[in-house]
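Trainee: Here is the input, now give the coordinates:
(one chain, ligands or ions: 2)
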Amino acid sequence: MKVLHVGAEVVPLVKTGGLADVLGALPQALIEQGADVRLLLPGLPPILAAVSNLATVFEFGPLFGAARIALRLGRMPHSEVPVYVIDAPYLYRRNGGPYQSDDGCEWADNLQRFALLGWAGAHLAAGELDPAWAPDVLHAHDWHAAMACAYVAAHPGTRARSVFTVHNLAYQGLFPSDDFRLLGLPSRFMASTGLEYHHQLSFMKAGLKFAGRVTTVSPTYAREIATPEFGCGLDGVIRSRAGAVHGILNGVDGAIWDPATDAGLAARYSARKSAGKVACKAALQTELGLELRANAPLFGVVSRLTSQKGLDLLLDALPVLLRGGAQLAVQGSGDAALEAAFAAAARAHPLAVAVRIGYDEAFAHRLIAGADAIVVPSRFEPCGLTQLYGLRYGTLPVVRRVGGLADTVVDASDEAVRSGRATGFGFDGASAAELGGALQRALSAFARPTLWKALMASAMAQDFSWEGSAKAYGLLYESLTTEGPTR
Ligand code: ADP
Ligand code: GLC
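Mentor: Numbers count the residues shown, from 1 in each chain. Ligands and ions are numbered 1, 2, ... in the order given. Take a look at the predicted model:
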């Protein structure tokens, strides 16, 4: 089975969130199961700089405003995964993020930038860009790659089938409908059955409407996005594809996230030899200037600071932690008001609350290893990875029961504790009171060391490896390709 993954970010080259973790791990996991997998990425400067042995396979243009475009093939650094890079200097070679400039403004030409990513994916799938390789399945991730599904549908001779994975329905890639003419698609695509969305055009809808299969990153989120509460205005579209929408949980890349081998930690540890976690906690408290107390329950957060993540609820519930003698360590960046509010909390309680604003991968490892619990109070969460990292590092998740958080954390109810299944703490309503209740239960459990140790042991015994997820994707690809063409 030949599979082309198309996306805009990948660990360790470009990352704004969990999508990059997935694109860094899933192709390799599929290769380990015998699939022939390649990646297609935009030629952003860090990608061009890091991909090794780049060789040109095709040159084309002008297209989407770029005069000259080269499709180059190389390998991901320190990996076997072959990667096509679209080198279009006019569209991609600039400083800043993949979607925004450094001052936080969306790039004005994102329509052209990501239409090109989709176009190149579809034409690779049609066998027109690389005579030596064409996929059976094109797998597009999030709105950035979604146009690939529309271009495949518009291209009559394409044998390859398409899969579209929604990592976050809240980011949709909406553009003025007048810009449809820039896409080079037949006018029938600009209809309510296609890209048209309330007088705008939606890249997300291109994926939802034209992919052979739609997946999202947890079974619960797959059900949630069919409802108005979580559907971001697209729940009707999701319902219209009901039989074709699947939820497949993300995994954890054990080569990057494993406390037994994590080189950046003060000490390494495992479920059987957990003493190193004590050293990690002391090192974190010292690094952050928190009071050096082994018996102070230390709660952590590693997150984008956006309303999705519900961290305003944590600010409101902070008194519960402070009254309980707990500490809080936050690593995050995003919304300026949230950044300022967390910084103010740290100033007000310097020995109990520490906040690092910014993005720091190495520190995220030290924080997750050093904390006793990780708080993820999201309003919605397609999958969520930090609670999975928490489980693996024996750092018990305190989560709102939505999306992938509901699917991966077992609340420490009396029954779940008795049966040895409990791995963390859950709450239902998006309110500071309900979060506070879960934090209080975590504090009580922390005060019972035997119970806490048992919870850590069952958390660390969970298997969220990529192997299982890759198998599920493999079966999905097979069901799609054996079905034959539908167009
Ligand atoms: P999302 O993709 O919605 O942001 P996930 O939980 O799926 O949420 O993935 C977030 C990823 O980004 C994790 O790998 C997490 O460790 C990382 N991350 C988020 N914020 C930061 C930060 N400020 N510094 C370092 N890593 C971060
Ligand atoms: C998105 C979601 C997150 C998910 C990640 C990877 O960024 O917000 O829940 O884990 O994609 O699939």
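Trainee: what residues does the stretch 1-150 of the chain put near ligand 2?
Mentor: Gly17, Gly18, Leu19, Val22 (CB under 6 Å from any ligand atom). Any C-beta I mention is one placed from the backbone N, CA and C, and that applies to glycine too.
Trainee: can you put the residues you listed in TSV and add pLDDT, distance to ligand 1 and neighbour count?
Mentor: Converted to TSV, these look like this (pLDDT from 0 to 100; distance: CB to the nearest ligand atom, whole Å; neighbours: other CB atoms under 10 Å):
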residue	pLDDT	distance to ligand 1	neighbour count
Gly17	95	3	16
Gly18	96	2	23
Leu19	98	6	27
Val22	98	8	27
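Trainee: how about the nearest residue to Arg304, chain neighbours excluded?
Mentor: Distances taken as CB to CB, 6 or more residues apart in numbering put Gly334 closest to Arg304, at 4.8 Å, once the chain neighbours are dropped.
Trainee: which one among the residues of the stretch 1-150 of the chain next to ligand 2 gets closest to Val278?
Mentor: Among these, Gly18 lies closest to Val278 (CB to CB), at 28.9 Å.
Trainee: tell me the contacts of that closest one?
Mentor: Counting by CB atoms under 8 Å, 6 or more residues apart in numbering, Gly18 touches His167, Asn250, Cys383, Gly384, Leu385.
Trainee: Try it again at 7 Å.
Mentor: Gly18 sits next to His167, Cys383, Leu385 when contact means CB atoms under 7 Å, 6 or more residues apart in numbering.
Trainee: How far off centre is whichever strand or helix holds Ile374?
Mentor: Secondary structure from DSSP states H and E places Ile374 in strand 373-376. Counting by CA atoms, centre = their mean, to the nearest Å, strand 373-376 is centred 17 Å from the centre of its parent chain.
Trainee: what about it and ligand 1, touching?
Mentor: No: Strand 373-376 does not reach ligand 1 (CB under 6 Å from any ligand atom); its nearest approach is 7.4 Å.
Trainee: is that strand anywhere near ligand 2?
Mentor: No: using CB under 6 Å from any ligand atom, strand 373-376 stays clear of ligand 2, coming no nearer than 9.4 Å.
Trainee: Contacts for that strand, please.
Mentor: So strand 373-376 is contacted by 297, 299-301, 314, 368, 384, 386-387, 390, 395-399, 405, 442 (CB under 7 Å, 6+ apart).
Trainee: could you redo the last one with a cut-off of 8 Å?
Mentor: 297-303, 309, 314, 368, 384, 386-387, 389-390, 395-400, 405, 424-425, 435, 439, 442, 446.
Trainee: Kindly report the same for stretch 85-96.
Mentor: 40-45, 47-48, 51, 54, 61, 64-74, 102, 107, 109, 112-113, 116-117, 120.
Trainee: quick one: the helices in the stretch 151-300 of the chain?
Mentor: Here the stretch 151-300 of the chain has its helices, by DSSP state H, counting those that start in this stretch, at 203-210, 219-224, 235-240, 275-288.
Trainee: Would you mind finding the most buried of the ones you listed?
Mentor: Among the helices of the stretch 151-300 of the chain, ranked by average contacts under mean count of other CB atoms under 10 Å, first place goes to helix 203-210 (a mean of 26).
Trainee: Among the contacts of stretch 85-96, name the ones in strands.
Mentor: Leu40, Leu41, Pro42, Leu54, Ile69, Ala70, Leu71, Arg72, Leu73, Gly74 (DSSP state E).
Trainee: For those residues, work out which two are farthest apart.
Mentor: Of all pairs in the ones in strands among the contacts of stretch 85-96, the most separated under CB to CB is Ile69 and Gly74 at 16.1 Å.
Trainee: for Asp360, what are its contacts?
Mentor: Gln331.
Trainee: what does the stretch 201-350 of the chain put close to ligand 1?
Mentor: Val302, Ser303, Arg304, Gln331, Gly332, Ser333.
Trainee: Parallel or antiparallel, which strands does the strand holding Ile374 pair with?
Mentor: Strands that pair with strand 373-376, judged by DSSP bridges, come out as strand 298-305 (parallel), strand 396-400 (parallel).
Trainee: Tell me which of the ones you listed sits most buried.
Mentor: It is strand 396-400: most buried of the strands paired with strand 373-376 by mean count of other CB under 10 Å, with a mean of 28.
Trainee: And the next helix or strand past that strand?
Mentor: With DSSP H and E, the next secondary element past strand 396-400 is helix 403-408.
Trainee: residues touching Glu80, list them.
Mentor: Gln28, Ile31.
Trainee: and what of the one 4 residues further on?
Mentor: Going by CB under 8 Å, 6+ apart, Tyr84 touches Leu4, Arg38, Leu39, Leu40, Leu41, Val57, Leu71, Arg72, Leu73, Ala120, Leu124, Asp130.
Trainee: OK, contacts around the third one?
Mentor: By CB under 8 Å, 6+ apart, the contact set of Leu39 is Leu4, His5, Val6, Gly7, Val10, Leu23, Pro27, Met76, Val81, Pro82, Val83, Tyr84.
Trainee: separation between Ser431 and Leu313?
Mentor: Using CB to CB, to the nearest Å, we find Ser431 at a distance of 7 Å from Leu313.
Trainee: Compare neighbour counts for the two and give me the winner.
Mentor: Leu313 (23 against 16; other CB atoms under 10 Å).
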